[in-house]
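Enquirer: Test case, fold it:
(2 chains)
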Amino acid sequence: MSLNKIEAARGWRIRSTQDLAAGLFMIALAGLALFLSRDLATGTLRQIGPGMLPKAFAWICAGLGALLAFNSLRYHGEKLAGWSWRGVLFVLGAAVVFGLTIRGFEIGPLKVPQLGMLVSGPLVVLISGLAAEDVRLKELVIFAIAMTTGCALLFKYALGLPIPLAPWLLGI
Amino acid sequence: MTEMFANLSLGFGVALTLKNIALCFTGCLVGTLIGVLPGVGPIATIAMLLPITFGLDPVGALIMLAGIYYGAQYGGSTTAILVNIPGEATAVVTTLDGHQMAKQGRAGVALGTAAIGSFVAGCFATLIIAALGAPLTKLALLFGPAEYFSLMVMGLCFAVVLARGSILKAFCMIMLGLLLSTVGTDLETGQERMTFGFPPLSDGIDFAVLAMGVFGFAEVLRNLENPETRDVVRTKIGRLLPSWEDIKQSIAPCLRGTFIGGTLGILPGNGAVLGPFASYTIEKKLAKDPSRFGRGAIEGVAGPESANNAGAQTAFIPLLTLGIPPNAVMALMVGAMTIHGIIPGPQVMTKNPDLFWGMIASMWIGNLMLLIINLPLVGVWVKLLQVPYRLMFPAILIFCSIGIYSVNNQPVDVAFTALFGLFGYLLIKLGFEPAPMLLGFVLGKLMEEKLRQALIISRGSFMTFIERPISAGLLLVAVAILVIALLPSMSKKREEVFTE
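Expert: Below is the predicted model:
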């Protein structure tokens, strides 16, 4: 965190892109919170309104973010590393697909019936499995079937949770 | 004293029913099973296993959750010793000597010492909780809103100082957690706050959704990125039971560790995290030949492991007596308790004594279970450690997805969790450690409520926090700890502790 005199003498420049981005991120979030809570009454200390704490927290967040960004110009720190879009796409995509198919959905003309866990389960495993760089398809397919069977037995029968298995096929 | 034993016997009466023993056993077993997996820390383990307790009655569910917690802790130590991957901050110390012992073919002894040390620590910690539970609860009943608010401020200050990485960033995370906690309907006026007019948000952000997104999904993304180097010990595990010589060497460190960890764990900030570090440093100072440390000294496993377990258990004290979770794991327990309709706090002991004492008694039983389960099952854990990550994370994902869906039977929640997964991944990329955020999030609602009450009572005067002696004392401690941590000499030391 500290700089020697020679380094410090070189003036301000971006010394940690990670910290700078982190600071700006905090400021942006605080800005969003302030925007969303703009219509909420702040109230007085005697009678605190619904808006007081969100606004106060947001201002503190913004202040901390500014400090973080400011420090990134003075102290060395980590660089911003790249994103792994593959992971984000497949892992989070798998979860979204699960949410969409487990009980079905309707968005405009698009209609998916209730598929239940016997379809959604393997889908999650298969889609998310693609995120690994050393993915092996055959192994993944077998694993998907095994995991779904295991989860169906565990959640539906052993724990008795009301989760649809395959309403279109089994009626449960 | 007699009251304490009467209470404990009530607790054992509850915990020793066949059903609750079975739940405690299952909890410990599955907790260890998931906790052993490299890259899955206790927070992720509990978040993932939360749904399997949904169908149970509150007492059974809490007993099982506590079992899961110990199991996850112990599983983390196993991973630390065998693979050199610490599941969380407190297991870092165990990797130093534990993994060295494993490399020298003494993995079994290291695991055995850890298990026995944890058991001894657990026994003492259970007694400490039983002894302090009642008096602290009485103290808690004296606390007014101002004291509660100051106590939480102090807890959050501790959490900032004791978090890994930069203090400023930990501060950011706490504040972000507090900010997120204000989303949803305002309790007093019923106005919607920052919900985007989106109905699922009007109840606030669901705790399970946030926890599983940030600790389940985002962790998967983080792990996927770092191609793992698993250094699974290839030598034999060897005998499990320590020899007489080993026991003689580790008994004093174990007792010292228990004392240090147990004491630090009571602090209403994340004190438990310091236990293993403090114990390791002390053992190294006390040793005749400090150079053995880092090369497989058994004291370096016995002390910190005992401290870890004692702290893990006494961390329940602020939660059960004051209703204030000291760290992210306990914050998760608050979420779990709330799902089962129990609001943690002093009233739990007076209103549900069988739940309170049953849970405490089950802590001791859980520690015994761990000893019984772990020693014979080490072979199974070693096999589990060899499961490649490409299969592990799809399994985590399907488990989390089903789990989140089951919390409210809401498919939308799963998509929300994915969103928070993205959010958590972004935080990790920006160098934030998300654990303090969870703590801030859980404390946020309570803090707001207490702040409002305190200011209504004092008619809008902030002086109430300074005029009331207990509250002033707590705030003073909070300021002191922040100042000390920000002193240049201390911040250097702090860096050393957390990078060692």
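Enquirer: Give me the nearest residue to residue B:120, chain neighbours excluded.
Expert: Nearest residue to residue B:120 in three dimensions, chain neighbours excluded: residue B:254, at 5.5 Å (C-beta to C-beta, 6 or more residues apart in numbering or on different chains). (Each C-beta comes from the backbone N, C-alpha and C, glycine too.)
Enquirer: quick one, strands of the chain?
Expert: Assuming you mean chain A. Ranges of strands within chain A are A:105-107, A:110-112, based on DSSP state E.
Enquirer: you looked at the wrong chain, it should be chain B
Expert: When secondary structure is read from DSSP E, chain B shows strands at B:184-185, B:192-193.
Enquirer: Compare those and give me the one nearest residue A:55.
Expert: When those are ranked by distance to residue A:55, counting by C-beta to C-beta, first place goes to strand B:192-193 at 10.2 Å.
Enquirer: Is there proximity between the closest one and chain A?
Expert: Yes. Using C-beta under 8 Å from any C-beta of the partner chain, strand B:192-193 reaches chain A at residue B:193.
Enquirer: Okay, now the sheet partners of that strand, with direction.
Expert: Paired with strand B:192-193 in the same sheet, following DSSP bridges, are strand B:184-185 (antiparallel).
Enquirer: List the contacts of the strand it pairs with.
Expert: B:191, B:192, B:193, B:195, B:201, B:202, B:203, B:204, B:205 (C-beta atoms under 8 Å, 6 or more residues apart in numbering or on different chains).
Enquirer: Buried only: go through those for me.
Expert: The neighbour-count test (16 or more other C-beta atoms under 10 Å in any protein chain shown) marks B:192, B:193, B:195, B:201, B:204, B:205 as buried among these.
Enquirer: got a list of what the nearest residue to residue A:145 once chain neighbours are set aside touches?
Expert: The shortest distance from residue A:145 to any non-neighbouring residue, by C-beta to C-beta, 6+ apart, is to residue A:122 (6.5 Å). Under the criterion of C-beta under 8 Å, 6+ apart, the neighbours of residue A:122 are A:144, A:145, A:148.
Enquirer: and if you look at residue B:111?
Expert: Residues touching residue B:111, when contacts are defined by C-beta under 8 Å, 6+ apart, comprise B:77, B:78, B:81, B:82, B:237, B:240, B:374, B:375, B:378.
Enquirer: thought the third one was touching residue B:96?
Expert: No. Judged on C-beta atoms under 8 Å, residue B:81 makes no contact with residue B:96 at a distance of 10.4 Å.
Enquirer: now residue B:350: how far from chain A?
Expert: Note on residue B:350: its distance to chain A, by C-beta to the nearest C-beta, to the nearest Å, is 30 Å.
Enquirer: Now do the same for the residue nearest to that residue when sequence neighbours are not counted: its pLDDT.
Expert: Once its chain neighbours are removed from consideration, residue B:350 has its nearest residue in residue B:137; the separation is 7.3 Å (C-beta to C-beta, 6+ apart). In the prediction, the pLDDT value recorded for residue B:137 is 81.
Enquirer: now do residue B:252
Expert: pLDDT, residue B:252: 90.
Enquirer: Ignoring the adjacent residues along the chain, who's closest to the residue nearest to the spatial centre of chain A?
Expert: Within chain A, the residue whose C-alpha comes closest to the C-alpha centroid is residue A:92; the distance, by C-alpha atoms, centre = their mean, is 8.1 Å. Excluding its sequence neighbours, the residue lying closest to residue A:92 (C-beta to C-beta, 6+ apart) is residue B:418, at 4.2 Å.
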